[in-house]
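**Q** give me a model of this one.
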Amino acid sequence: MNRRILVIEDNADIGRLLELHLAAINCDVRWIADGIAGLEEAERSQYDLIVLDLMLPGIDGLEICRRLRSREPHVPILMLTAKSSELDRVLGLELGADDYLTKPFSVAEFVARVKALLRRMAALKAKPAGDNEPIRLGELMIDIDRREVRSRDMPVELTAKEFDLLAHFARSPGLVLSRAQLLQQVWGYSHSGYEHTVNTHINRLRAKIERDPNQPQVIETVWGVGYRCRDFREAPARRA
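**A** Just a heads-up that it's a prediction; the model follows:
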C-alpha cells in the first residue's frame, strides 16, 4: 500500500524535486507551498509522514510542528531547514520533529531518511499493545507501549527521538554501542558524518534523566568506543 506523504515547502524547485523522488518510491505525495494551507491540510487529512520546511510564508515550520504535536495520532515529521545553527535544530526536535535535514542535502540522503521514518512507524503499528513490560533503570521507569518515562514518579518530557534512543539503550543494558551503530539502529540510516547527531541527542537526553549530567549514571560514555546503558542488576556504578 502506498504511503501518503505531505510536503510543506515554499521553494518550488525543491518541492517538485521531492515530489518526484517520493513518487519514485511509490508514495502518494501532496505538495503545498504555504504554511497556513499546509497546516490546514495536515489537520484535515491523515498522512504517514510530513516533510516540513522551517521557513514558510504564513506560518513557520516550528509553529506547525508545535500545533501538530498537540494532536493525535502521532505522525512522523522530517524537518528541513536552510539554517545551520544548533538552536534551530534543537527547537525543532524539542517541539516534536522526528528528524531533520539541513539544506543543501542530497536526494539519496533525503530518501534514506524518509524510508527509515516509514519503517519505524510501520514497526510500531505492527507491534501489539501491551507486548512490552515497563523497564526500570534505577530511578527511571520506561513504559514502552505508552511511550512515557517517569523519574522518582515524576513525568519526564522527551522528544520522540529521545524516547527511541532511551528505549533502545534500556533494552540492552551493559552493551556498548558505537555512534555509527546507534545511528543505524535508532535513526535507521548510516550516512557518515552524522555521528554528531547522536552526541547531541545523548547530551540532551542526559540533561533530562540524569541527576548530574556531568557524571551520568544511566547512559555512560565508553571513551573511544561509544555509549552504554548501565546495567542496574550489577554492582553500583563507580563515580568518576
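**Q** where along this structure do the strands fall?
**A** With DSSP state E as the definition, the chain shows strands at residue ranges 3-8, 27-32, 49-53, 77-81, 99-102, 135-137, 140-143, 148-151, 154-156, 177-178, 219-222, 226-229.
**Q** and the last one, what other elements does it pack with?
**A** Based on contacts counted as 3 or more C-beta pairs under 8 Å, 6 or more residues apart in numbering; DSSP states H and E, the elements that strand 226-229 packs against are helix 160-171, strand 177-178, helix 179-182, strand 219-222. C-beta coordinates here come from the backbone N, C-alpha and C atoms, glycine included.
**Q** helices and strands around the longest helix along the chain, which ones?
**A** Taking DSSP state H as the criterion, the chain has its longest helix at helix 107-126. The helices and strands touching helix 107-126, judged by 3+ C-beta pairs under 8 Å, 6+ apart, are helix 12-24, strand 49-53, strand 77-81, strand 99-102.
**Q** and the ones you listed: which comes nearest residue 224?
**A** For the helices and strands packed on helix 107-126, proximity to residue 224 was assessed by C-beta to C-beta; strand 99-102 is nearest, at 27.3 Å.
**Q** can you list the strands that that closest one pairs with?
**A** Partners of strand 99-102 in the sheet, by DSSP bridges, are strand 77-81 (parallel).
**Q** coming back round to it: contacting residues around the longest helix of the chain?
**A** Where contact means C-beta atoms under 8 Å, 6 or more residues apart in numbering, the residues beyond helix 107-126 that reach it are 3, 5, 17-18, 21-22, 25, 27, 48-49, 51, 76, 78, 98-99, 101, 164, 187-189, 191.
**Q** against residue 29, how distant is residue 42?
**A** The span separating residue 42 from residue 29 equals 14 Å under the rule C-beta to C-beta, to the nearest Å.
**Q** I meant to write residue 186 there.
**A** Using C-beta to C-beta, we find residue 186 at a distance of 26 Å from residue 29.
**Q** repeat for residue 160
**A** For residue 160, the distance to residue 29 (C-beta to C-beta) stands at 22 Å.
**Q** thank you, goodbye.
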